[in-house]
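In: pasting the structure only:
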């Protein structure tokens, strides 16, 4: 069974770039036809999908975050990484990595990490 684990600094300064890594075990990030996503949830609010890196290495980002987002991967370590630039103190959600696959035109998430809290403060 695939497992995902987020890691990264718990504190980032305003205007800096947030960088989080998701380590995957029990399955390869190059396996057809999975889409490795980053999702966040501000306190008391709903989930917001940030973007994904596909099994072939292509990426797709939420239009609202595209200009500030980059997702990359290291297949030798079975990891994928989120970089989100210009973070603000309002950006203090829980960040999750997840494995997705398309079903009926929708991206559905079958496995999730436990999440990591990131605080933006000086």
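Out: Structure received. Quantities reported herein were computed from a predicted structural model and do not represent experimental measurements. Numbers count the residues shown, from 1 in each chain.
In: contacts and neighbour counts: CA atoms only from here.
Out: Will do.
In: quick check: the residue nearest to residue 42 when sequence neighbours are not counted vs residue 28, distance?
Out: Once its chain neighbours are removed from consideration, residue 42 has its nearest residue in residue 93; the separation is 3.8 Å (CA to CA, 6 or more residues apart in numbering). Separation of residue 93 from residue 28 (CA to CA, to the nearest Å): 27 Å.
In: neighbour-wise, which of these two wins?
Out: residue 93 (22 against 16; other CA atoms under 10 Å).
In: pretty sure that one sits against residue 45.
Out: No. The criterion here is CA atoms under 8 Å, and residue 93 misses it with residue 45 at 9.1 Å.
In: on that earlier part again, what sits against the residue nearest to residue 42?
Out: 40, 41, 42, 43, 117, 118, 119 (CA atoms under 8 Å, 6 or more residues apart in numbering).
In: check what pLDDT residue 122 gets.
Out: Here, the pLDDT recorded for residue 122 equals 88.
In: distance of the residue lying closest to it once chain neighbours are set aside relative to residue 115?
Out: Nearest in space to residue 122, with sequence neighbours left out and distances taken as CA to CA, 6+ apart, is residue 13 at 5.0 Å. The gap separating residue 13 from residue 115 is 20 Å, by CA to CA.
In: the two: which is more packed in?
Out: When residue 13 and residue 115 are compared for neighbours, residue 115 comes out ahead with 20 against 15, by other CA under 10 Å.
In: backbone dihedrals for that one, please?
Out: In terms of degrees, to the nearest 10, the main-chain angles of residue 115 are phi 100, psi 150.
In: equivalent analysis for residue 67, please.
Out: Backbone torsions of residue 67, given as degrees, to the nearest 10, read phi -70, psi -20.
In: bridging residues for the most centrally placed residue in the chain?
Out: Residue closest to the mean C-alpha point of the chain, counted by CA atoms, centre = their mean, is residue 38 at 2.0 Å. Legend: beta-bridge partners of residue 38 under DSSP bridges are residue 51, residue 97.
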